[in-house]
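*Asks:* Model the following, please.
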Amino acid sequence: MPSLSLINDASIYAAILILGALSGFFCERVGIANISINGQMIIGALVFTLFSTIIYKYMGTKTETEYTFIVCLIIAGILTIPTSLLFGFLTIKLKTNQVIAGTAINLLASGVATFVTYPLGDKIANKTSLSSDYLGLMKIGDGINTIYIGSILILIAVVLITIGLIIMMKKTPFGLRLYAIGENPNAADAQGINVYKYQWIAVSISGFIAGIGGGLYMYASRSPFGGEVGGIGFLALAILIAGAWRIPLIVVVSIAFAVITKTFSQIDKIPQEIGKLIPYVITLIALISFSKYSVAPKNVGIPFDKSKR
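*Replies:* Numbers count the residues shown, from 1 in each chain. Just a heads-up that it's a prediction; the model follows:
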């Protein structure tokens, strides 16, 4: 029988990975290779931590604050959109190399987060760092028998939302147009579909989802925000590839990855350093194993130029 701590950790970790992979999914379904997932999640984590710190400063540890984390998540998603729009400006408007643009966003986000974290922590919370205390509130029991209800509910909510996204992508004109643009934007344009419009929408959705994912990372974190999210955005990108750009497979791979990773991390005989290395080893193995079976959208990574139709 799995331990309660394994269920807690794997649930929230899987939810974060699903959101990160979905962030990349929306961009790549319109032909934009999104390498900037990690950077956008960093911004989401920063915003979530900042607003949760402000709320705790004025509300303390009252029971009501258990529910304000939803507000903080939404704010994190919304305020991450400008970062994704900057990525969109580079890739859609300027037609910059998408890998280089994504790398630039990652570096910019990390630099900004590191630069503002410590001054804001000192000014807002009178301490040298920013942190979230939501995880400690939403729990039942103590010690090894603690159940973090929030983590389990969040995974359930993310899976339900994912089911809604599957229906949207398969059954609605909006979703089918995204598929069409990723496969052949010139053909979609010939049918009267505004390719640029849908690319901007997809980039915005991607940023919103990544921001929420970054917020959840800090919700689950037991340490102060240090300007990074542990490279989880890159792991999410690998899961997107291993999941063959299909939402159901993305969910399955994310949950399996989370369970395996957290199981190894809780084995006492494995050194802590090895435990931290395991997610990246699993990612490498997954990419080697599934990459030849994964078929990306045909036009991913190729800037759309209407004049060359």
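
*Asks:* And the contacts of stretch 234-243?
*Replies:* By CB atoms under 8 Å, 6 or more residues apart in numbering, the list of residues contacting stretch 234-243 from outside reads 16-17, 19-21, 23-25, 28, 34-35, 37-38, 41, 213, 249-254, 257, 279-280, 283, 286-287, 289-291, 294, 296. In short, each C-beta sits where N, CA and C put it, glycine included.

*Asks:* Residue 103 touches residue 34, doesn't it?
*Replies:* No - using CB atoms under 8 Å as the test, residue 103 is too far from residue 34 to be in contact (11.5 Å).

*Asks:* Which residue ranges of the stretch 51-200 of the chain form helices?
*Replies:* With DSSP state H, counting those that start in this stretch applied, the stretch 51-200 of the chain shows helices at 65-88, 98-125, 134-137, 149-171, 173-183, 185-190, 195-220, listed in chain order.

*Asks:* Out of those helices, which is closest to residue 306?
*Replies:* Ranking the helices of the stretch 51-200 of the chain by proximity to residue 306 (CB to CB) places helix 185-190 first, at 6.1 Å.

*Asks:* Any idea how far the closest one is from the middle of the chain?
*Replies:* Distance, stretch centre to chain centre, for helix 185-190: 30 Å (CA atoms, centre = their mean, to the nearest Å).

*Asks:* same check, this time on stretch 11-19
*Replies:* Computed by CA atoms, centre = their mean, the separation of stretch 11-19 from the middle of its chain amounts to 8 Å.

*Asks:* With just CA atoms, put that stretch into PDB.
*Replies:* Listed next in PDB are the C-alpha coordinates belonging to stretch 11-19 (Å, rounded to 0.1, in the frame of the first residue of the first chain):
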ATOM      1  CA  SER A  11      -0.600  13.900  -6.900                       C
ATOM      2  CA  ILE A  12       0.600  17.500  -7.000                       C
ATOM      3  CA  TYR A  13       3.700  16.700  -9.000                       C
ATOM      4  CA  ALA A  14       1.600  15.000 -11.700                       C
ATOM      5  CA  ALA A  15      -0.700  18.000 -11.800                       C
ATOM      6  CA  ILE A  16       2.200  20.400 -12.300                       C
ATOM      7  CA  LEU A  17       3.700  18.200 -15.100                       C
ATOM      8  CA  ILE A  18       0.300  17.900 -16.900                       C
ATOM      9  CA  LEU A  19      -0.100  21.700 -16.900                       C
END
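
*Asks:* so where's this protein uncertain?
*Replies:* For the chain, the stretches with pLDDT under 70 are 1-3, 60-66, 121-129, 133, 135-148, 309.

*Asks:* if we can go back for a sec, would TSV of the helices of the stretch 51-200 of the chain with mean neighbour count be doable?
*Replies:* Output for the helices of the stretch 51-200 of the chain, formatted as TSV (neighbours: other CB atoms under 10 Å):
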stretch	mean neighbour count
helix 65-88	20
helix 98-125	17
helix 134-137	17
helix 149-171	16
helix 173-183	18
helix 185-190	17
helix 195-220	26
